[in-house]
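**Student:** coords below, sequence missing:
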(Lines give C-alpha, C1' and ligand atoms only; values in the text may rest on other atoms or scores of the structure.)
Protein backbone atom coordinates (compact mmCIF):
# COMPACT_ATOMS: atom_id res chain seq x y z
CA UNK A 1 0.00 0.00 0.00
CA UNK A 2 1.07 3.58 -0.60
CA UNK A 3 -0.27 6.93 0.58
CA UNK A 4 -1.17 9.03 -2.45
CA UNK A 5 -1.94 12.71 -2.12
CA UNK A 6 -3.74 13.35 -5.40
CA UNK A 7 -3.99 12.70 -9.12
CA UNK A 8 -3.81 14.87 -12.22
CA UNK A 9 -5.47 13.61 -15.38
CA UNK A 10 -4.53 14.64 -18.90
CA UNK A 11 -1.36 16.45 -17.82
CA UNK A 12 1.09 17.51 -20.52
CA UNK A 13 4.06 19.04 -18.69
CA UNK A 14 5.68 16.16 -16.81
CA UNK A 15 7.04 13.99 -19.59
CA UNK A 16 6.16 13.26 -23.18
CA UNK A 17 2.63 13.09 -24.53
CA UNK A 18 -0.46 13.10 -22.34
CA UNK A 19 0.32 12.01 -18.78
CA UNK A 20 -1.59 10.82 -15.74
CA UNK A 21 0.09 12.34 -12.69
CA UNK A 22 0.27 10.40 -9.43
CA UNK A 23 1.36 12.57 -6.47
CA UNK A 24 2.78 10.58 -3.55
CA UNK A 25 2.94 12.04 -0.06
CA UNK A 26 6.19 12.34 1.84
CA UNK A 27 9.44 14.12 1.01
CA UNK A 28 12.85 14.15 2.74
CA UNK A 29 13.47 17.74 1.59
CA UNK A 30 12.13 21.04 2.87
CA UNK A 31 12.86 23.28 -0.08
CA UNK A 32 12.13 26.90 0.77
CA UNK A 33 10.55 27.34 -2.68
CA UNK A 34 8.31 24.25 -2.54
CA UNK A 35 4.86 24.85 -4.05
CA UNK A 36 3.45 21.56 -2.73
CA UNK A 37 4.13 21.64 1.04
CA UNK A 38 0.86 19.77 1.49
CA UNK A 39 2.60 16.66 0.12
CA UNK A 40 5.18 16.65 2.93
CA UNK A 41 2.82 14.89 5.29
CA UNK A 42 0.60 11.81 5.16
CA UNK A 43 -2.63 13.32 3.95
CA UNK A 44 -3.99 11.23 1.11
CA UNK A 45 -5.56 7.83 0.62
CA UNK A 46 -3.95 4.41 0.66
CA UNK A 47 -3.91 2.42 -2.57
CA UNK A 48 -2.81 -1.09 -3.41
CA UNK A 49 -0.88 -1.64 -6.64
CA UNK A 50 -3.99 -3.15 -8.22
CA UNK A 51 -6.21 -0.25 -7.17
CA UNK A 52 -3.76 2.31 -8.50
CA UNK A 53 -3.37 0.61 -11.88
CA UNK A 54 -7.16 0.34 -12.05
CA UNK A 55 -7.35 4.15 -11.93
CA UNK A 56 -4.48 4.69 -14.34
CA UNK A 57 -5.66 2.35 -17.08
CA UNK A 58 -8.91 4.29 -17.50
CA UNK A 59 -6.81 6.94 -19.25
CA UNK A 60 -4.95 4.52 -21.50
CA UNK A 61 -6.75 5.74 -24.67
CA UNK A 62 -5.08 9.13 -24.16
CA UNK A 63 -1.55 7.74 -23.79
CA UNK A 64 -0.42 8.31 -27.34
CA UNK A 65 2.84 9.76 -28.66
CA UNK A 66 4.84 8.49 -25.70
CA UNK A 67 2.28 9.32 -23.01
CA UNK A 68 1.76 7.37 -19.81
CA UNK A 69 1.83 7.85 -16.07
CA UNK A 70 4.18 10.19 -14.18
CA UNK A 71 5.01 9.38 -10.56
CA UNK A 72 5.73 12.58 -8.67
CA UNK A 73 4.99 14.10 -5.29
CA UNK A 74 6.40 14.65 -2.77
CA UNK A 75 9.25 12.32 -3.57
CA UNK A 76 8.16 9.23 -5.52
CA UNK A 77 11.39 7.33 -4.86
CA UNK A 78 10.42 7.06 -1.20
CA UNK A 79 7.87 4.61 -2.62
CA UNK A 80 10.28 2.78 -4.92
CA UNK A 81 9.34 -0.67 -3.58
CA UNK A 82 5.65 0.06 -4.16
CA UNK A 83 6.30 1.38 -7.68
CA UNK A 84 8.24 -1.83 -8.37
CA UNK A 85 5.06 -3.76 -7.56
CA UNK A 86 3.03 -1.48 -9.82
CA UNK A 87 5.48 -1.69 -12.73
CA UNK A 88 4.65 -5.22 -14.00
CA UNK A 89 0.92 -4.44 -13.76
CA UNK A 90 1.45 -1.36 -15.91
CA UNK A 91 3.54 -3.39 -18.34
CA UNK A 92 0.63 -5.83 -18.78
CA UNK A 93 -1.41 -2.82 -19.93
CA UNK A 94 1.41 -1.53 -22.18
CA UNK A 95 1.63 1.62 -20.05
CA UNK A 96 5.01 3.13 -19.28
CA UNK A 97 5.95 5.46 -16.46
CA UNK A 98 8.10 8.52 -15.91
CA UNK A 99 9.66 9.50 -12.57
CA UNK A 100 9.66 13.16 -11.58
CA UNK A 101 12.18 13.10 -8.74
CA UNK A 102 14.63 15.18 -6.75
CA UNK A 103 16.87 12.13 -6.32
CA UNK A 104 16.90 12.84 -2.59
CA UNK A 105 17.10 9.22 -1.42
CA UNK A 106 19.84 6.61 -0.96
CA UNK A 107 20.56 4.67 -4.15
CA UNK A 108 19.52 1.24 -2.86
CA UNK A 109 18.41 -1.79 -4.89
CA UNK A 110 14.73 -0.82 -4.86
CA UNK A 111 15.56 2.67 -6.13
CA UNK A 112 17.82 1.29 -8.86
CA UNK A 113 15.10 -1.08 -10.03
CA UNK A 114 12.54 1.72 -10.01
CA UNK A 115 14.83 3.89 -12.13
CA UNK A 116 15.67 0.98 -14.45
CA UNK A 117 12.00 0.27 -15.19
CA UNK A 118 11.11 3.90 -15.92
CA UNK A 119 10.72 5.06 -19.51
CA UNK A 120 12.43 8.29 -18.50
CA UNK A 121 13.45 10.33 -15.46
CA UNK A 122 12.91 14.04 -14.83
CA UNK A 123 15.54 15.05 -12.27
CA UNK A 124 15.26 18.27 -10.27
CA UNK A 125 18.59 20.08 -10.09
CA UNK A 126 17.80 22.10 -6.98
CA UNK A 127 21.22 23.67 -6.56
CA UNK A 128 24.61 22.97 -8.06
CA UNK A 129 26.75 23.22 -4.95
CA UNK A 130 26.57 21.38 -1.65
CA UNK A 131 26.38 24.47 0.56
CA UNK A 132 23.34 26.00 -1.13
CA UNK A 133 21.69 22.61 -1.54
CA UNK A 134 21.92 21.97 2.19
CA UNK A 135 20.95 25.55 3.07
CA UNK A 136 17.84 25.76 0.90
CA UNK A 137 16.61 22.14 0.85
CA UNK A 138 17.95 20.51 4.00
CA UNK A 139 18.79 17.45 1.91
CA UNK A 140 21.80 15.29 1.09
CA UNK A 141 23.61 16.61 -1.99
CA UNK A 142 25.39 13.31 -2.63
CA UNK A 143 22.13 11.36 -2.89
CA UNK A 144 21.04 13.59 -5.76
CA UNK A 145 24.42 13.29 -7.51
CA UNK A 146 24.40 9.49 -7.29
CA UNK A 147 20.88 9.20 -8.70
CA UNK A 148 21.76 11.49 -11.60
CA UNK A 149 24.96 9.62 -12.40
CA UNK A 150 23.22 6.26 -12.15
CA UNK A 151 20.68 7.38 -14.75
CA UNK A 152 23.50 8.65 -16.96
CA UNK A 153 25.65 5.53 -16.58
CA UNK A 154 22.75 3.20 -17.38
CA UNK A 155 21.64 5.18 -20.42
CA UNK A 156 18.31 6.19 -18.93
CA UNK A 157 16.47 8.95 -20.77
CA UNK A 158 17.00 11.99 -18.56
CA UNK A 159 15.53 15.47 -18.45
CA UNK A 160 16.80 18.09 -16.00
CA UNK A 161 14.83 20.89 -14.38
CA UNK A 162 15.71 23.85 -12.18
CA UNK A 163 13.38 26.32 -10.49
CA UNK A 164 14.74 29.86 -10.91
CA UNK A 165 14.09 32.04 -7.85
CA UNK A 166 14.53 35.83 -7.83
CA UNK A 167 17.38 36.89 -5.57
CA UNK A 168 18.66 33.34 -5.06
CA UNK A 169 19.68 31.76 -8.36
CA UNK A 170 18.42 34.05 -11.12
CA UNK A 171 21.71 35.69 -12.11
CA UNK A 172 23.32 34.80 -15.43
CA UNK A 173 26.48 33.78 -13.59
CA UNK A 174 24.54 31.35 -11.43
CA UNK A 175 22.65 29.83 -14.36
CA UNK A 176 25.95 29.29 -16.18
CA UNK A 177 27.17 27.39 -13.14
CA UNK A 178 24.11 25.14 -13.31
CA UNK A 179 24.69 24.47 -17.00
CA UNK A 180 28.37 23.63 -16.52
CA UNK A 181 27.67 21.52 -13.45
CA UNK A 182 25.03 19.49 -15.28
CA UNK A 183 27.44 18.42 -18.01
CA UNK A 184 28.41 15.52 -15.73
CA UNK A 185 25.01 14.00 -16.55
CA UNK A 186 23.91 12.63 -19.91
CA UNK A 187 20.59 14.37 -20.50
CA UNK A 188 18.27 15.16 -23.40
CA UNK A 189 16.99 18.54 -22.27
CA UNK A 190 17.44 21.08 -19.50
CA UNK A 191 14.35 23.10 -18.62
CA UNK A 192 14.23 26.13 -16.37
CA UNK A 193 11.02 26.71 -14.42
CA UNK A 194 9.86 30.05 -13.06
CA UNK A 195 9.36 30.43 -9.33
CA UNK A 196 5.70 31.30 -8.70
CA UNK A 197 3.51 32.18 -5.74
CA UNK A 198 0.45 30.07 -6.58
CA UNK A 199 1.15 27.68 -3.71
CA UNK A 200 1.51 30.36 -1.04
CA UNK A 201 -2.02 29.75 0.26
CA UNK A 202 -1.01 26.22 1.21
CA UNK A 203 1.52 27.54 3.73
CA UNK A 204 -1.21 29.62 5.31
CA UNK A 205 -3.66 26.72 5.39
CA UNK A 206 -1.08 24.45 7.00
CA UNK A 207 0.13 27.15 9.41
CA UNK A 208 3.66 26.80 8.02
CA UNK A 209 6.32 29.48 7.81
CA UNK A 210 6.85 30.59 4.21
CA UNK A 211 10.48 31.78 3.89
CA UNK A 212 9.81 33.35 0.49
CA UNK A 213 6.52 35.07 1.22
CA UNK A 214 7.94 38.42 0.10
CA UNK A 215 9.60 37.05 -3.05
CA UNK A 216 7.93 37.97 -6.36
CA UNK A 217 7.41 35.42 -9.14
CA UNK A 218 10.01 35.25 -11.88
CA UNK A 219 8.84 37.02 -15.03
CA UNK A 220 8.30 35.04 -18.21
CA UNK A 221 10.64 37.44 -20.01
CA UNK A 222 13.50 36.75 -17.61
CA UNK A 223 12.86 33.01 -17.76
CA UNK A 224 13.04 33.08 -21.56
CA UNK A 225 16.34 34.98 -21.44
CA UNK A 226 17.93 32.49 -19.06
CA UNK A 227 16.55 29.46 -20.92
CA UNK A 228 18.02 30.76 -24.16
CA UNK A 229 21.36 31.06 -22.45
CA UNK A 230 21.21 27.50 -21.10
CA UNK A 231 20.29 26.13 -24.51
CA UNK A 232 23.48 27.61 -25.98
CA UNK A 233 25.85 26.16 -23.38
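**Tutor:** Cool, the structure landed. Bear in mind that the values here come from a model prediction, so they are computed numbers and not experimental data.
**Student:** list the contacts for residue 210?
**Tutor:** For residue 210, the contact set (C-beta atoms under 8 Å, 6 or more residues apart in numbering) comprises 200, 203-204. C-beta here means a position set from N, CA and C on the backbone, and glycine is covered the same way.
**Student:** cool, and residue 209?
**Tutor:** Shown in contact with residue 209 (C-beta under 8 Å, 6+ apart): residue 203.
**Student:** quick one: which of the contacts of residue 210 is nearest residue 112?
**Tutor:** Nearest to residue 112 among those: residue 203, at 34.7 Å, using C-beta to C-beta.
**Student:** ok, residues contacting the stretch of helix or strand that closest one belongs to?
**Tutor:** Residue 203 belongs to helix 200-205 when assigned by DSSP states H and E. For helix 200-205, the external contacting residues (C-beta under 8 Å, 6+ apart) are 35-38, 208-210, 213.
**Student:** low-confidence ranges in this protein?
**Tutor:** 44 (pLDDT under 70).
**Student:** where do the strands of it begin and end?
**Tutor:** Along the chain, counting by DSSP state E, strands occupy 2-11, 19-24, 45-47, 68-72, 97-101, 120-124, 158-164, 189-194.
**Student:** which one of those lies closest to residue 87?
**Tutor:** It's strand 97-101; of the strands of the chain, that one is closest to residue 87 (C-beta to C-beta) at 7.2 Å.
**Student:** now the nearest residue to residue 98 once chain neighbours are set aside: how far from residue 157?
**Tutor:** Nearest in space to residue 98, with sequence neighbours left out and distances taken as C-beta to C-beta, 6 or more residues apart in numbering, is residue 15 at 3.8 Å. Using C-beta to C-beta, to the nearest Å, residue 15 is found at 10 Å from residue 157.
**Student:** mind listing the shared neighbours of those two?
**Tutor:** 119-120.
**Student:** out of these two, which sits in the busier spot?
**Tutor:** residue 15 (27 against 17; other C-beta atoms under 10 Å).
**Student:** so which residues of this structure form helices?
**Tutor:** Assigned helices in the chain, in chain order: 49-56, 80-92, 109-117, 130-137, 141-153, 172-181, 200-205, 220-232 (criterion: DSSP state H).
**Student:** save the ones you listed as a markdown table, and put in mean neighbour count and distance to residue 123 too.
**Tutor:** Output for the helices of the chain, formatted as a markdown table (neighbours: other C-beta atoms under 10 Å; distance: least, C-beta to C-beta, whole Å):
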| stretch | mean neighbour count | distance to residue 123 |
| --- | --- | --- |
| helix 49-56 | 17 | 23 |
| helix 80-92 | 18 | 15 |
| helix 109-117 | 18 | 10 |
| helix 130-137 | 16 | 13 |
| helix 141-153 | 18 | 6 |
| helix 172-181 | 15 | 13 |
| helix 200-205 | 13 | 24 |
| helix 220-232 | 13 | 15 |
